[in-house]
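Visitor: okay, predicted coordinates and the sequence, questions at the end:
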Amino acid sequence: MKRPLPAAVTRAALPLLLLALAAGAGAAEAPGLIGELNVLPRAPAFSLGVNGAPHRLRVCWNWGCKSEGELLLDAGDGAELDRIFRHPSCRGGGPGLELQQIRLAIRYLERRAGEQLPVANDRGGNEADAGVEGRTDCIDNTSNTLNYLHFLDRLGYLRHWRPPASGYYESTCLLCPTPRHTAAVLVLADRPAVRFVVDTWLRDNGSLPLVAPEGPWRRLFIYRDNDRLNPWFGLEELQVYCDSGFFGPEKLVAAERAVAEAAAAR
């Protein structure tokens, strides 16, 4: 028999439930409120530059990937990604550290896309930028994040994580801010049953994405900021942690433990 939810949890979830029901009821009149319900995230599309030519990555926007353009990355961008993933003192870290490096890399790529394309106008969620050129819904965000993850993997930056062939999850929980939501997926390279989502929809373009095990993400836990897997920090702080000789003192140790607990639960 299912146990009833605690009253405090029920009260906290009620506004989100009402929002989801209102959004679903008003979809015919205001489809922009919840983005494109009948469109799937797009497969990765990028090309690696050779002989000094730039890398080219497709980026899409305007809800449901109605518009698209190319993000061009040159040698300077490669150097920045090297700083994130290949800082000498950060070598040998675990999957928790690499998740934080992935978050930094996604933020960097989103900011570069915002310098070249209208996605700089994107705001977290869908309501704050409805009708604005460059807005992104969860379909756009999932498509772009998948592309970035496969790009980083192709360049050899990912050691502990891999973007799987079926690279996204869909949640249809009624307590979510929209009745349907998608996000990109990563799996542990040596334990592919351990799946994490990388969600860039909730925050403005160029922000640190949220990561969470697939189960808690479906139960809405990912919407809590600044938990063990989603600390606020920058590249310099990450490198200071690595230079100290251990992956802490607190934030990265907590991230490693969170990944280990998720793996143990599978």
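Guide: Arrived safely, thanks for sending.
Visitor: which residues in this structure form strands?
Guide: Ranges of strands in the chain, per DSSP state E, are 46-47, 55-61, 67-73, 161-162, 168-171, 181-188, 191-199, 210-213.
Visitor: as JSON lines, these with mean neighbour count and mean pLDDT would be great.
Guide: To be clear about C-beta, it is placed using only N, CA and C from the backbone, and glycine gets the same treatment. Supplementary listing: those in JSON lines, determined by neighbours: other C-beta atoms under 10 Å; pLDDT from 0 to 100:
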{"stretch": "strand 46-47", "mean neighbour count": "15", "mean pLDDT": "98"}
{"stretch": "strand 55-61", "mean neighbour count": "22", "mean pLDDT": "98"}
{"stretch": "strand 67-73", "mean neighbour count": "18", "mean pLDDT": "98"}
{"stretch": "strand 161-162", "mean neighbour count": "21", "mean pLDDT": "96"}
{"stretch": "strand 168-171", "mean neighbour count": "18", "mean pLDDT": "73"}
{"stretch": "strand 181-188", "mean neighbour count": "24", "mean pLDDT": "91"}
{"stretch": "strand 191-199", "mean neighbour count": "20", "mean pLDDT": "92"}
{"stretch": "strand 210-213", "mean neighbour count": "24", "mean pLDDT": "89"}
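Visitor: for Tyr148, find the nearest of the ones you listed.
Guide: Minimum separation from Tyr148 across these (C-beta to C-beta) falls at strand 55-61, 7.2 Å.
Visitor: distance between the closest one and the chain's centre?
Guide: 16 Å (C-alpha atoms, centre = their mean, to the nearest Å).
Visitor: got a list of contacts for it?
Guide: Residues from elsewhere that reach strand 55-61 (C-beta atoms under 8 Å, 6 or more residues apart in numbering): 42, 45-49, 66-74, 77, 109, 113, 117-119, 122, 133-136, 140, 143-144, 147-148, 151.
Visitor: now the angle from the top helix by length along the chain to strand 191-199?
Guide: As assigned by DSSP state H, the longest helix anywhere in the chain is helix 95-116. Angle, helix 95-116 to strand 191-199, by axes from the mean of the first three to the mean of the last three C-alpha atoms, to 10 degrees: 40 degrees.
Visitor: could you give the angle of helix 95-116 to strand 181-188?
Guide: 130 degrees.
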